[in-house]
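Novice: Next comes the sequence, and after it the predicted model I'd like to discuss.
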Amino acid sequence: MAWEVVVGIETHAQLLTRSKAFSGASTAFGAAPNTQACAVDIALPGVLPVANRATVEHAIRFGLAIRAEIRRRSIYARKNYFYPDLPKGYQISQYEQPIVQGGELKIIVEGREKSIRLTRAHLEEDAGKSLHEDFHGLTGIDLNRAGTPLLEVVSEPDLRGAQEAVAYARALHALVVWIGICDGNMQEGSFRCDANVSVRRAGDANLGTRCEIKNLNSFRFMERAIEYEARRQIALIEDGGRVEQETRLYDPERDETRSMRTKEEAHDYRYFPDPDLLPLVVSEEDIEAIRRSLPELPAARRDRFAREYGLTPHEAGFVAASRAAADYFEALVKASGAEARLCANWQMGELAAALNQDEIEISKSKVPAKDLAGLLGRIADGTLSGKLAKEVFDAMWAGEGAADAIIEKRGLRQISDAGAIEKLVEEVLAANPKQVEDYRAGKEKAFNSLVGQVMKATKGKANPTQVTEILRRKLAR
């Protein structure tokens, strides 16, 4: 508690376009090396870039979603540096006048909401990729990614520690996917984060010297990298040393960060306006058209779920964690006729567990919303108990068909005939006089045992609510 960890995040979100930022080359993933790099991408003499309108529209869409200022006039700039996979010797980006300025993103950590300020979001192109693994001491260069459109999103240093940093990254990831500007595929490099980490003594208003951890492509690695880097910096300072500003890489196998290079400042890149590209001017009509096309945003949908369906903030946050999850939940409620709370509990419980077990997204669920609705409808109308419903769900997940077919095939229909249940209860009471005596002596566990005996006799098919009511009535005599 003597130290505070301060984090700012820079995120590169690959924009969801068919062609590159300044050329007509394809952005499709997985092509053979250097087959999707055209003359503009590899900077042949005499070629000129042309801005991709879709990238501008995506940037505006994002700016509106975070309630930022949309600059009506922004500038493309050249960011100059040398690297083998940067054919032009510079990267087209934005610097002094980005298209999106400011904004905020709300995160939820340990049940509390926190607003994270954003500094900016600007358009730029990606570099190529250096391949070191398969060339026996050499490096291969693949320029397929060169010119791929990116939106770089920069946060203020408002995050405190790894947990908040991951919550922010997850919220940002969910948002860009939600509004349809990025596919969010971290394995393919569509969403990459750099974490600027510094430490300071508790109560100190001044920021410490930061180190940037590059290219964190999973939330788990981000958390571990930030935690390690914070420990490293604290130990260094407490031992009398000082933190040097530098760029570091995270090694997941060793669970450590290591130095990559000294950290550059903005002046090292010699930014200047790109003479081949006109200033980017957007009209009020363009902005308003994009505003009207925005879907209901995550925070608004969470609030509506809590208000309309009576969900807790935690439940609403879970079922609206992504647009796909929110759509699944609403389809489930509308199709099942069951209470919204029951739908939320199943989506958070059995469905989430099955998705995690198979490591798939809800959009690829083996039990679509309409099929799960059929199962929950049978719980709602008393056909199934909760326990039997879980057995049916497992069968549905395994591909055995719809709920009704499985219920009939396995003979799982719940017994709700009051007369039949009453007869079973009387038999159980007659066969277990000691437990009856214990219950009447104040031992509640004896009651649970009697309930279990009835359920065992019916192979779990008796309506548990009716069993409980009838048992209480009989034992009260």
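Specialist: Great, that's in hand. Quantities reported herein were computed from a predicted structural model and do not represent experimental measurements.

Novice: partners of the longest strand along the chain in the sheet?
Specialist: Counting residues, the longest strand found in the chain (DSSP state E) is strand 112-125. Paired strands of strand 112-125, with direction, are strand 100-101 (antiparallel), strand 104-109 (antiparallel), strand 149-155 (antiparallel) (DSSP bridges).

Novice: Please identify which of the ones you listed is closest to Lys409.
Specialist: strand 104-109 (42.9 Å; CB to CB). Where C-beta positions appear, they are placed from N, C-alpha and C, glycine not excepted.

Novice: Just the buried positions in the closest one, please.
Specialist: Neighbour counts using 16 or more other CB atoms under 10 Å place Leu105, Ile107, Val109 of strand 104-109 among the buried residues.

Novice: what about the closest residue to the second one other than its chain neighbours, neighbour count?
Specialist: Yep, that's Ile107 we're talking about. Nearest residue to Ile107, sequence neighbours excluded (CB to CB, 6 or more residues apart in numbering): Ala167, at 4.3 Å. For Ala167, the count of nearby residues is 20 (other CB atoms under 10 Å).

Novice: Tell me who's in contact with Ala167.
Specialist: Ala167 makes contacts with Ile107, Ile108, Val109, as judged by CB atoms under 8 Å, 6 or more residues apart in numbering.

Novice: if we go to 10 Å?
Specialist: Shown in contact with Ala167 (CB atoms under 10 Å, 6 or more residues apart in numbering): Leu105, Lys106, Ile107, Ile108, Val109, Glu110, Lys114, Ile116, Leu159, Phe219.

Novice: Now do the nearest residue to Arg67 once chain neighbours are set aside: how many residues are near it, please.
Specialist: Leaving aside its sequence neighbours, Arg67 sits nearest to Gly103 (CB to CB, 6+ apart; 5.7 Å). Applying other CB under 10 Å, we find 22 residues neighbouring Gly103.

Novice: CA atoms of the longest strand of the chain as CSV?
Specialist: C-alpha atoms of strand 112-125 as CSV (Å, rounded to 0.1, in the frame of the first residue of the first chain):
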residue,chain,number,x,y,z
ARG,A,112,-17.8,0.1,-8.8
GLU,A,113,-17.9,2.2,-11.9
LYS,A,114,-15.0,4.4,-12.9
SER,A,115,-14.6,6.8,-15.8
ILE,A,116,-11.3,6.7,-17.7
ARG,A,117,-10.4,9.8,-19.8
LEU,A,118,-9.2,9.3,-23.3
THR,A,119,-6.6,11.6,-24.7
ARG,A,120,-7.2,11.0,-28.4
ALA,A,121,-7.9,8.5,-31.2
HIS,A,122,-6.1,9.0,-34.5
LEU,A,123,-5.9,7.2,-37.8
GLU,A,124,-2.7,5.6,-39.0
GLU,A,125,-1.4,2.8,-41.1
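
Novice: buried set for that strand?
Specialist: Lys114, Ile116, Leu118, Thr119, Arg120, Ala121, His122, Leu123, Glu124, Glu125.

Novice: Surely Asn215 is within a helix?
Specialist: No - counting by DSSP: H, G, I helix; E, B strand; the rest coil, Asn215 is not part of a helix but strand.
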